[in-house]
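K.L.:
What follows is a predicted structure for the sequence shown.
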Amino acid sequence: MSPAEHRPLFEERFVWAWDNATARAVRIGAGDAGQWRALCRSDRLTCPVEGCTSPALTTRMGFVNRRGTFVPDGFRHLRAPNPHHERESFDHLQAKLMLQDWMLGAGYSDVALERRDARSGRVPDVSGTSPTGERVAFEVQYATLSVDAWQRRDTDLQTAGWEPIWLWGHAGGPERAVPLKAVHRRLLEQGRALWWVGPQRGCLGIPVEQMPWPGGTGRAMVAAQVGTAKAELLWAPLEDHDAVGGLHHR
């Protein structure tokens, strides 16, 4: 094995795997590493990336790193795939699996990953029908997106009867601020909430200025925020969010 193959992958510790017995994604929890290692050895839990050249996984137990931060239990590849999974696309997949799992548990019906909508011609990342009947299309965006491109996709989905909810990829830790780009400011100008997604921690983040959530809707805006260069994010577990009307913090 070459030295390059010994280098840790960026996703050396990740939290979502594919359960071949149930045909669903599963998220490893605190203290699960020991018991789930056997499921990995039996090939029940494998890499969720379709076509991965090295799908076999193992687990690693949580630990406190040199900064004093607890790193939770996670999965890793037994042998590095060739080619390596690109960070952005891998995080994007993990976020989609997280949303799919939440939707199924929250009572959504007709849930699907990357299903083409015939009316709009768009392929939302994750879509389904909420318990109250809304057709919700989640779009997870890690790559740079212009305002015009976002507006076309958003309008197409709305015209086709979907409620599009955009979640922005966040590669930093939950304590870090994120820059507000032009597309984020456009959303704020339209009175819509901003959401960031952290698949490794199973969390969603919103700008602190977006607090409080009146009636649990998560729709409150602060006008001064539109001109803000950066936003401090407040993170909460995805399971603390309701499915009624799309996506709301409890």
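P.N.:
Okay, I see it.
K.L.:
drop to CA atoms for contacts and neighbour counts, all remaining ones
P.N.:
Will do.
K.L.:
In stretch 99-107, which residues are buried?
P.N.:
Residues of stretch 99-107 classed as buried: Leu99, Gln100, Asp101, Trp102, Met103, Ala106, Gly107 (neighbour count, 16 or more other CA atoms under 10 Å).
K.L.:
May I have the secondary structure class of the closest residue to Val140 other than its chain neighbours?
P.N.:
Nearest residue to Val140 in three dimensions, chain neighbours excluded: Leu167, at 4.9 Å (CA to CA, 6 or more residues apart in numbering). What DSSP: H, G, I helix; E, B strand; the rest coil gives for Leu167 is strand.
K.L.:
Quick check, Leu167 in contact with Glu139.
P.N.:
Yes - using CA atoms under 8 Å as the test, Leu167 is close enough to Glu139 to be in contact (6.1 Å).
K.L.:
tell me which element the residue nearest the centre of the chain is part of?
P.N.:
Most central residue of the chain, judged by C-alpha distance to the mean C-alpha position with CA atoms, centre = their mean, is Ala95 at 2.3 Å. Per DSSP states H and E: Ala95 is located in helix 87-105.
K.L.:
which element follows that helix toward the C-terminus?
P.N.:
Per DSSP H and E, helix 87-105 leads on to strand 109-113 as the next helix or strand towards the C-terminus.
K.L.:
what is the rounded mean pLDDT of that following strand?
P.N.:
What strand 109-113 shows for mean pLDDT is 93.
K.L.:
that older thread, quick one: contacts for the residue nearest to Val140?
P.N.:
By CA atoms under 8 Å, 6 or more residues apart in numbering, the residues touching Leu167 are Phe138, Glu139, Val140, Gln141, Leu194, Trp195, Trp196, Val197.
K.L.:
and which of the buried residues of stretch 99-107 is nearest Ala25?
P.N.:
Nearest to Ala25 out of the buried residues of stretch 99-107 is Asp101 (CA to CA; 6.8 Å).
K.L.:
list the contacts for that closest one?
P.N.:
Arg24, Ala25, Val26.
K.L.:
So which of the contacts of Leu167 is the closest to Pro55?
P.N.:
Taking CA to CA as the measure, Pro55 lies nearest Val140 of these, at 24.0 Å.
K.L.:
In terms of helices and strands, where is the closest one?
P.N.:
Using DSSP H and E, Val140 maps to strand 135-141.
K.L.:
packing partners for the helix or strand following that strand?
P.N.:
Of the helices and strands lying after strand 135-141 in sequence (DSSP H and E), the nearest is helix 147-159. Contacts defined by 3 or more CA pairs under 8 Å, 6 or more residues apart in numbering; DSSP states H and E place helix 147-159 against strand 163-169, helix 182-189.
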